[in-house]
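**Student:** sequence unknown, structure follows:
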């Protein structure tokens, strides 16, 4: 079955088999159904509508399948239209005559469109080819069943004869040389002379619809094919930017030093390497002398010129033979004339020759450009002052310009004129006072205050010119006679007066300026208690919306011991302000509370917080907001404010453990032991189930040396929380640290009976180890491991027990059993590796560590142990290889980077430390390693700052504290040593390789932090001396 799309937008279905049907049979079937002759049939494939089916086929008996036509294929039937050269039907109207001039030869030098501005040009087709082109066959499409068109003339063949061509054109009715259409052939020329009617329009619309439909059917395939071709092209022809994209991405790794070391691009061709001959000719002395004279500034006059008053120039100084100097002198004279004309105001010169020369002597030598700018500015400002003499800024600017130019006298004259022109402007008088001589300044300011008696600035300036307080006070009081409502003048005169005079002056000031609260508050501070209350009451009547009056009243009551009324005053004040419509700003009132705390008014601070902390805060946000406010106050050093916030929060949230803990921490850091104890007592009253509050209270009593009180608190805690393991362990620690092993043993026995956890069994074994009961310790460990086989610390303790007793094989079995239950326990692997190294040497330890790394990848402790094991046995190459592999697997491990820095030779340590800081700049181990480098280089300040940074980042690692303390012992003062020691004791470090080895030893179990710190320092010194000796050997 084959489908034929015919021109009337319908599809013809032919029941034919493409494998057995020939092309001529298909054409005959189409002619039978559509009455279209075979000679006019053009069959096109839909995938390529521009090639006819069977275009290159000579035999019409070809099978359709050989033409790639399969069942259900749709062919497009194209029927060409015939134009005006075909004879019409009988009786039809003759065609319209064609205009003769369209095909006639144009006159010589004719250019089409020359009248409307067109420009003629000549192309290759106008003049013919350089040589005759060979005859080419016609490339028009061969239709199905039709013969190929007759061969035509080539494009550039020329014309055999003009007359013959004209006759043919008349006979044919169209021009053969017009543009050839690839699809329609020469039919376009046939239609050129016909009339375009409605049928043609309808046919074009039909074909346009067909083209759109076919284009839409093959659009997706075309776009996909185009996209695929583009991708193939881009893959085979990549851009330069794409080829170097990966290299560009790596440019961020290039350091500044590497970037600067890249050589500059230059021309290294052979022709540029040839040395060119260069000749050097010495510069004549005349040229050097001329250059020196041009740059020389003469700032003095010769004696003869000074005798003539500076108006005569001696002939000997201007030799007539120097023509260049004559030209320059002419230019100088011309510039002087122009300056004189520019200085002329009304045709009369204002230049004083003697004064001008005097000014020249004192003039500062500047560059020519600056002098030119000053001259331009002078002209501009002169225009300003002349056109608008009542404009004060113009006079001030002109005077300051002359001051900059070094003409102070001209500046004084200009500002004096400005004072005459603008006598009511205070800025002009202030500028005149500034420019005047010290002796004349008082007279100038006196004229100013006489012209403007109500100017506060002028009276204050007049007071500054006086040298003693009495005269200053007299001037200010004179000014107050003219301006009694000036607060600035009242403040200035009160500052100069004694206390008694200040009180009287302030009484007068509040009468004249009753709306200024600062005067009222200053008067209240100077008055007695009773009078101050009266003053504040009057101020409150005058200024009912001012909160500072209420706060001052509260401070006054607190200062006189009436703390009970402070809260009432603040509460009344807030209510009164709200009645007056004042918005209570919570943040502003908190700042007032902090100010009251700084002033020593703690009760006022607490009252303000209590009455304003909850204003404008939603109920669900109160806890978060109040805790944040307290923390911010604590950062700013406002401890009492933070304490007041916590106190108020605890009245609202009585059962919130987090707030109790933060308040307790605040008391611990900034309060007394009594206040902390009282707070914790109150806390456990409201939160009896909070273990941490009980433990804090017991620890504070223990640190204070009151062991019985600590025991009592723990007993109360046990009564409140009977099954708390933390309380049992705290009681054990209290007895154990106070050398009461029997009490500790009894407590742990009770805890084990009540179903204690693995920590209870571990502590029990520790007590027996302390007492030296080996068998009891082994029994407890065995029982504990039966109940808790996955607790690795029990395996470690049992293995260490066997090692202490010398039973190494037994210890090895214990470690191996522990690893079966805890295969990811790093300390067990390290203990087994150390034991194997001790028993069988490095080979066995190496195997254990390799197995450990396979089972626990990316563990820097295992890599570090392997590296150190190789180093201990002198295998430096193997240790370096292991370290490189370790850094590849754990690139962000600070422990490995610190060890790598210490392993490399001394000259390479800076580079290695820089690499380490790039990978982990916030790791305390790397920071400490860099501090050691500065220490060895004698850069004391840098080493101290880096060590401080290390202990700040990791305060619980004791090795860093020991390193810091050792550094201060060597380079620091006694104060620095004490400071580091106190900070270490406060931090209570528990970790660190050397710290744990010393602190957990049996003989050091009860030593304080200070003693352990000093022992670690001694160990560090021994290790350093050993490393120094090994490096020398």
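**Tutor:** Here it is on my side, so go on. Keep in mind that what you see is a predicted model, and the values were worked out from it rather than measured.
**Student:** would you list every one of the strands in the protein?
**Tutor:** In the chain, the strands defined using DSSP state E lie at 2-6, 10-14, 42-44, 74-78.
**Student:** among the ones you listed, which is nearest residue 229?
**Tutor:** strand 42-44 (23.6 Å; CB to CB). C-beta here means a position set from N, CA and C on the backbone, and glycine is covered the same way.
**Student:** Quick one: list the elements packing against the closest one.
**Tutor:** Packing partners of strand 42-44 (3 or more CB pairs under 8 Å, 6 or more residues apart in numbering; DSSP states H and E): strand 74-78.
**Student:** Run me through the strand neighbours of the strand it packs on, direction for each.
**Tutor:** On the basis of DSSP bridges, the sheet neighbours of strand 74-78 come out as strand 2-6 (parallel), strand 42-44 (antiparallel).
**Student:** quick one: which of the ones you listed is nearest residue 547?
**Tutor:** Of the strands paired with strand 74-78, nearest to residue 547 by CB to CB is strand 2-6, at 93.0 Å.
**Student:** And the closest one, how far out from the chain middle?
**Tutor:** Relative to the chain's own centre, strand 2-6 is displaced by 69 Å; criterion: CA atoms, centre = their mean, to the nearest Å.
**Student:** Where does pLDDT dip in the stretch 751-900 of the chain?
**Tutor:** 755 (pLDDT under 70).
**Student:** Now do the same for the closest residue to residue 668 other than its chain neighbours: its pLDDT.
**Tutor:** Closest residue in space to residue 668, ignoring its immediate chain neighbours: residue 676 at 5.5 Å, by CB to CB, 6 or more residues apart in numbering. Per-residue confidence at residue 676 stands at 83 (pLDDT).
**Student:** Compute the distance between residue 676 and residue 717, please.
**Tutor:** 17 Å (CB to CB, to the nearest Å).
**Student:** Same question for residue 748.
**Tutor:** Relative to residue 717, and taking CB to CB, residue 748 is found at 17 Å.
**Student:** returning to that earlier point: would you tell me which of the strands paired with strand 74-78 gets closest to residue 1001?
**Tutor:** Of those, nearest to residue 1001 by CB to CB is strand 2-6, at 98.8 Å.
**Student:** Looking at residue 676 and residue 717, which is more packed in?
**Tutor:** Neighbours were counted for residue 676 and for residue 717 using other CB atoms under 10 Å; residue 717 has more, 25 against 22.
**Student:** wait, what's in contact with the more buried one?
**Tutor:** 684, 691, 694, 695, 698, 724, 727 (CB atoms under 8 Å, 6 or more residues apart in numbering).
**Student:** Take the residues you listed and keep only those in helices.
**Tutor:** Among these, the residues falling in helices (DSSP state H) are 684, 691, 694, 695, 698, 727.
**Student:** Can you give me the distance of the nearest residue to residue 711 once chain neighbours are set aside to residue 1022?
**Tutor:** Distances taken as CB to CB, 6+ apart put residue 734 closest to residue 711, at 6.7 Å, once the chain neighbours are dropped. Separation of residue 734 from residue 1022 (CB to CB): 35 Å.
**Student:** Who has more neighbours out of those two?
**Tutor:** residue 734 (22 against 9).
**Student:** residue contacts, the more buried one?
**Tutor:** Shown in contact with residue 734 (CB under 8 Å, 6+ apart): 698, 702, 707, 710, 711, 714.
**Student:** Touching, the residue nearest to residue 668 and residue 664? I think so.
**Tutor:** Yes - Residue 676 lies in contact with residue 664 (CB atoms under 8 Å); the separation is 6.4 Å.
**Student:** For residue 210, grab the count of nearby residues.
**Tutor:** For residue 210, the count of nearby residues is 16 (other CB under 10 Å).
**Student:** For stretch 211-227, list every residue counted as buried.
**Tutor:** With burial defined by 16 or more other CB atoms under 10 Å, the residues of stretch 211-227 counted as buried are residue 214.
**Student:** hang on, I meant stretch 954-974
**Tutor:** Result for stretch 954-974 [16+ other CB under 10 Å]: buried residues 954-955, 957-968, 972.
**Student:** who's in contact with the closest residue to residue 656 other than its chain neighbours?
**Tutor:** Spatially, and ignoring its direct neighbours in sequence, residue 656 is nearest to residue 623 (6.7 Å; CB to CB, 6+ apart). Counting by CB under 8 Å, 6+ apart, residue 623 touches 649, 653, 656, 659.
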